[in-house]
Each structure stands twice: as C-alpha cells, then as structure tokens.
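**Q** build me a model from this:
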Amino acid sequence: MPRKAQTESVADLHAAPGGTAAVDRALTLLAAFQAGDRALTLGQLAERTGLYKSTALRLLASLEHSRLIQKLEDGRYALGAEIARLHGIYAASFSLEQVVVPVLRALVATTGESAAYHVPQGDSRLCLYRVDSPHPIRDHIRAGDLLPAGRGSGGRVLSAFSSAAATVADASERVLLDRIRQQGYYAASGDRLADVAGVSAPVFRADGQLAAAVTLTMPANRYTDAHIPAVLLAARELSGRVG
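**A** Residues are numbered from 1 along each chain as shown. So this is what the prediction gives:
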C-alpha cells in the first residue's frame, strides 16, 4: 500500500477536477523544468513537485518511454524530443486571435465596457484586437489604430513594464511608472482623452517578457474600481499563452 505523503504534492494541490491523479503527477514533472534548466536530478524533481522519489521514478519511466523525458548518461533527466515535435505542431496551428479575443469578450461580458489588446509598435502602441461595449456611448478606437506609447492606461502600462522604463529622464514620470509596476495595473481618467477612463494590466510571455497590455475603456462617468479585478484576471489568463 503506498505511503501517504506528509505534505501534499503540487499535483494534489492543483488536481484537475475529474482528472486522473497519476497523469496530474506526471505533468508536474514536466512542469518542474524552468527557463535555464538543461537537466534535473531525481532529487530536484522530487523537491520541486513534492513527490516521493520512488513515485517520481515510476512516472519518469513512463515519460521516458513516451520520449517526453530523456535520461542522460550522468543520471539526470532532460526534456525529450517529443516535446519539440509537439511544440512544432502547436506553433504551426497557433492563432493569437483565437487566444486573445475570447478573453476580451469575457471581459466585456463581465464589465459591460470595451476591451482591447495593445502591443508595442515602435514609438507607438498598436490596438491589435478590440471588442466593443454594448453601450451606445463609448470610445471608438478600432483594431489597427496606432495610439501614443506613453499616454492612456494601456500606454502607461506598456511603458512601465518595458526595458526602457529605467532610462526615463523625467522624475515624476519615473515615480508613476514605478507605482504602476508595484501595483501591477494602471487606472486613470482623462490621461489620453478627456472624459475617457481606462484600466490596463500587463500581459507577459512564457519567458516573463512583456507581450502586451489588456485595456478596458469607458466614459469617465461609468468608471468604477470594481472593474480592476476583472482586468487583472484577463491579463493573468493571457500571460504565458501569447508570444
């Protein structure tokens, strides 16, 4: 009879509803690899996943058989060739629109306001995707519009999390960008257009680099801080899924 772990493993803490425990545990072994890891020892894998070494060994045998994991000559484990094959299929079929637009639609359904996805574009920012509010009174930015890089809630967020933020010369601007990074979002009224308010949060790639900003806009008289959690949730849902 298997021993009961004194502390729950990562898989047990984040088990898939209706899923299979063994599959959850095997997937945590794959997820244990982080940026910069070439290979990991059995001990490192057990520590990162919270699994007993004996359990990890059995799961690694199955992953190795499927070429998702390879065992190196020094006894350490590395990701296998099957990972590269699956990544190639995923990359060929990936559609950013199919990832982003459903999240924007859900944000609009939750808040009743307009949602957009902005990406850096040289000295500007590009509204790549946009889902309009059902309200007849709204701002009328469209997908494909270029907007100021450092103005509006989306522009401020892209500036705050960009690599160039540290080189900003204006002291008051540096203070604002520092505050945005600390709180993880920016909400403002009249920052780019009078009587228009917005809330934005950063979206990050899987490597932790800035990818975009999710922005919710509305007339200033409809603004409420209650929209902030929904914007943050949308940004979290997209982070790691976009390139």
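
**Q** contacts, neighbours, all on C-alpha from now
**A** Fine.

**Q** send me the host helix or strand of Y90 as CSV with only the CA atoms.
**A** Y90 is part of helix 81-93, with elements assigned from DSSP states H and E. Provided in CSV are the C-alpha atoms of helix 81-93 (Å, rounded to 0.1, in the frame of the first residue of the first chain):
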residue,chain,number,x,y,z
ALA,A,81,12.4,15.0,-28.3
GLU,A,82,8.7,14.5,-28.3
ILE,A,83,8.4,18.0,-26.6
ALA,A,84,10.0,19.6,-29.7
ARG,A,85,7.7,17.7,-32.0
LEU,A,86,4.6,18.8,-30.1
HIS,A,87,5.8,22.3,-30.0
GLY,A,88,6.2,22.4,-33.7
ILE,A,89,2.6,21.2,-34.2
TYR,A,90,1.4,23.8,-31.7
ALA,A,91,3.4,26.7,-33.3
ALA,A,92,2.1,25.8,-36.7
SER,A,93,-1.5,25.8,-35.5
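
**Q** can you mark which positions in that helix are buried?
**A** For helix 81-93, a neighbour-count test (16 or more other C-alpha atoms under 10 Å) marks E82 as buried.

**Q** for it, which outside residues touch it?
**A** Residues from elsewhere that reach helix 81-93, judged by C-alpha atoms under 8 Å, 6 or more residues apart in numbering: 66-69.

**Q** before we move on, what about stretch 125-132?
**A** The contact list for stretch 125-132, computed with C-alpha under 8 Å, 6+ apart, reads 97, 100-101, 104-105, 108, 113-120, 141-149, 155.

**Q** highest neighbour count among the contacts of helix 81-93?
**A** Among the contacts of helix 81-93, I69 has the most neighbours (other C-alpha atoms under 10 Å), with 21 neighbours.

**Q** domains of the protein?
**A** Structurally, the chain divides into domains by automatic domain parsing as follows: 10-90, 96-238.

**Q** need the winner for burial among the ones you listed.
**A** Comparing the domains of the chain on average neighbours per residue, with mean count of other C-alpha atoms under 10 Å, the densest one is domain 96-238 at a mean of 19.
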